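A.B. asks: Structure of the sequence below:
(chains A, B, C and D)
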Number of protein chains: 2
Amino acid sequence: MPVHTLSPAATPSRPRGRPRKTVATLDDGNRRRQLVTGAARLFRHQGFDATSTRDIAAAVGMQSGSPFYHFKSKGALLFAVMQEGMGGAIERQAKAIAAYQSLQKGELPEQYSYGLLAVLIKNHFDILLGPGSDFIPVMLYEWRSINERQRAAIAQLQAEYEAVWIPVLQALFDAGLLKADVKLARLLIFGALNWSAQWFDRRKEASIDDLTAAAMALFIQERP
Amino acid sequence: MPVHTLSPAATPSRPRGRPRKTVATLDDGNRRRQLVTGAARLFRHQGFDATSTRDIAAAVGMQSGSPFYHFKSKGALLFAVMQEGMGGAIERQAKAIAAYQSLQKGELPEQYSYGLLAVLIKNHFDILLGPGSDFIPVMLYEWRSINERQRAAIAQLQAEYEAVWIPVLQALFDAGLLKADVKLARLLIFGALNWSAQWFDRRKEASIDDLTAAAMALFIQERP
DNA sequence: CCTACCGATCGGTAGG
DNA sequence: CCTACCGATCGGTAGG
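C.D. replies: Numbering: from 1, shown residues only, chains lettered A, B, ... in the order given. Sure, this is the predicted structure:
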């Protein structure tokens, strides 16, 4: 029962019969999606507070009051950005893991865990720094601007996302490849990765693969 | 020639002769300091945009227009917070290094570098998470809200602060204790440390010493 | 989804 | 540093 549905949410009450003069309603999903994507971009680059709903409207070619036809408040738009961002991240992570597992021959357990951590880290960098990567940075840096109920919902998605990492780190710890306390290691590692959103430049020297290699060498110094 | 003077700046024009009715001017330094400290607290917890100059005035017992007697704009106040925060951080780091060096007997070079990194990390956590630690988090998370000239000034202080870390990491790399690319390692390490401002809770289980130990074990797995 | 609009808040200033 | 105030902007809404 995914809390983080990506689809435009089952429209509660739609006028039955043939739609008249409501051309806009027909591509409601598209407009909504455009608003979320545009808002993510603006929130990421200017911050939530510094972005007006008029900015967002203009970004998708609407008039100033129109975003409120799709979202009941500016905060609801922010929440949608975070929710859809985390939903997508969880999906991408699951696919990356599945792809890795399907490639595995009977390797040693440490080799398996080592390879899986590399996959998780690379995927995390992709989500954070790759094309269309505005959603997760917004989630990371606008935490203050959502209310408690929303925070709880996002926290649950984050827990789901992080749950996969814990056994991997534990296995590496048990194998002697990770020397730090597993819980603190997880927090420090996520910090190292997440902070890259502040300094990484797609046009600069280091690639996402370089980053992944550096992170692996930094956290796990002995290759199994 | 420290750009980041902590003192109230040599007041340019002060009425000569005995001050009359200008009681407030007498403790100008105090009021200014109170504004900076109060603003840091509010900026840290609510964000720059979500904090009004009225909030700041109220926090130090002033009327709404009065902060502008001390600072020409809200942005100037933010800049002061960052500037003084970095100035203090550089000073504290220098003292921590000096204290460490005065304790050193003729150790092996790797041992020296290892111990120095631990000192730098511990000091960084203190600055970030210890008492009165609002300035640096504000600097880290409100980067967007200062203008380019200000950004350049802060970047220079940051470079000064980070300059000390580079030879230490290089020495550990040369000794085979750090396996990752030195430049990327530095960025990832600062990320791991800085991110702790988001999750560290002073009342919770882990202490700053625990954090330091975990970070050292994570980044440098072999003890010299 | 647009038009027209409102109430509130905000950064900042003049003048003392 | 206070009083009184201004212009601008903003989130949001009614009514179509």
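
A.B. asks: Those residues of chain A touching chain B, which are they?
C.D. replies: When proximity is defined as C-beta under 8 Å from any C-beta of the partner chain, chain A approaches chain B at A:46-47, A:49-50, A:141, A:143-145, A:178-181, A:184-185, A:187-196, A:198-199, A:206, A:210-211, A:213-215, A:217-219, A:221-222. For every residue, glycine as well, the C-beta is placed using N, CA and C.

A.B. asks: which of the residues in the longest helix belonging to chain A are buried?
C.D. replies: When chain A is parsed with DSSP state H, its longest helix is helix A:74-103. Neighbour counts over helix A:74-103 (16 or more other C-beta atoms under 10 Å in any protein chain shown) mark A:74, A:77-90, A:93, A:96-97, A:100 as buried.

A.B. asks: Which elements pack onto it?
C.D. replies: Here helix A:74-103 touches helix A:28-46, helix A:53-59, helix A:109-129, helix A:135-141, helix A:148-163, going by 3 or more C-beta pairs under 8 Å, 6 or more residues apart in numbering or on different chains; DSSP states H and E.

A.B. asks: let's see it at 10 Å
C.D. replies: For helix A:74-103, the packing partners by 3 or more C-beta pairs under 10 Å, 6 or more residues apart in numbering or on different chains; DSSP states H and E come out as helix A:28-46, helix A:53-59, helix A:67-70, helix A:109-129, helix A:135-141, helix A:148-163.

A.B. asks: How much space separates the closest residue in space to residue A:146 that isn't next to it in sequence from residue A:71?
C.D. replies: In this structure, residue A:146 finds its nearest non-sequential neighbour in residue A:79, 5.7 Å apart by C-beta to C-beta, 6 or more residues apart in numbering or on different chains. Distance, residue A:79 to residue A:71, by C-beta to C-beta, to the nearest Å: 9 Å.

A.B. asks: same thing with residue A:100?
C.D. replies: 37 Å.

A.B. asks: do residue A:63 as well
C.D. replies: According to C-beta to C-beta, residue A:63 and residue A:71 sit 15 Å apart.

A.B. asks: Which one's more surrounded, those two?
C.D. replies: Counted by other C-beta atoms under 10 Å in any protein chain shown, residue A:63 and residue A:71 do not tie: residue A:71 has more neighbours, with 19 against 9.

A.B. asks: which residues sit in contact with the more buried one?
C.D. replies: Residue A:71 makes contacts with A:32, A:35, A:36, A:39, A:53, A:56, A:77, A:78, A:79, A:80, as judged by C-beta atoms under 10 Å, 6 or more residues apart in numbering or on different chains.

A.B. asks: Out of these, the closest to residue A:163 would be?
C.D. replies: Looking at the contacts of residue A:71 and their distance to residue A:163, the nearest is residue A:79, at 22.0 Å (C-beta to C-beta).

A.B. asks: which ones are touching the closest one?
C.D. replies: Here residue A:79 is in contact with A:71, A:73, A:139, A:142, A:145, A:146, A:147, A:149, A:150, A:151, A:153, A:154 (criterion: C-beta under 10 Å, 6+ apart).

A.B. asks: Kindly report the same for residue A:44.
C.D. replies: A:51, A:81, A:133-142, A:197.

A.B. asks: can you rerun that using 8 Å?
C.D. replies: By C-beta atoms under 8 Å, 6 or more residues apart in numbering or on different chains, residue A:44 lies in contact with A:134, A:137, A:138, A:141.

A.B. asks: Identify all contacting residues around stretch A:126-134.
C.D. replies: A:37, A:40-41, A:43-44, A:81, A:88-89, A:92-93, A:136-137, A:193-194, A:196-197, A:200, A:202, A:208, A:211.

A.B. asks: How far does that stretch sit from its chain's centre?
C.D. replies: Counting by C-alpha atoms, centre = their mean, to the nearest Å, stretch A:126-134 is centred 8 Å from the centre of its parent chain.

A.B. asks: With stretch A:159-176 instead?
C.D. replies: In terms of C-alpha atoms, centre = their mean, the centre of stretch A:159-176 is found 19 Å from the chain centre.

A.B. asks: Could I get the buried residue list for it?
C.D. replies: With burial defined by 16+ other C-beta under 10 Å, the residues of stretch A:159-176 counted as buried are A:160, A:161, A:165, A:168, A:169, A:170, A:171, A:172, A:173, A:175.

A.B. asks: Among those, find me the one that's closest to residue B:124.
C.D. replies: Of all these, residue B:124 sits closest to residue A:169, with 23.2 Å by C-beta to C-beta.

A.B. asks: Residue A:115 reaches residue A:100, doesn't it?
C.D. replies: Yes: between residue A:115 and residue A:100 there is a contact under C-beta atoms under 8 Å: 6.6 Å.

A.B. asks: which residues does residue A:179 contact?
C.D. replies: A:173, B:217, B:218, B:221.

A.B. asks: Skipping its backbone neighbours, what lies nearest the first one in space?
C.D. replies: Read that as residue A:173. If the residues on either side of it in the chain are set aside, residue A:173 comes closest to residue A:182, at 5.2 Å by C-beta to C-beta, 6+ apart.

A.B. asks: any idea how far that neighbour lies from residue B:88?
C.D. replies: Distance of residue A:182 to residue B:88, computed by C-beta to C-beta: 34 Å.

A.B. asks: Repeat that for residue A:88.
C.D. replies: 41 Å.

A.B. asks: next one: residue A:30
C.D. replies: From residue A:30 to residue B:88 the distance is 51 Å (C-beta to C-beta).

A.B. asks: Tell me which residue in chain A sits closest to DNA strand D.
C.D. replies: Relative to DNA strand D, the nearest point of chain A is residue A:65 (2.5 Å; C-beta to the nearest atom of the strand).

A.B. asks: can you pull the pLDDT of that residue?
C.D. replies: pLDDT for residue A:65: 93.

A.B. asks: List the contacts of it.
C.D. replies: By C-beta under 8 Å, 6+ apart, the contact list for residue A:65 reads residue A:57.
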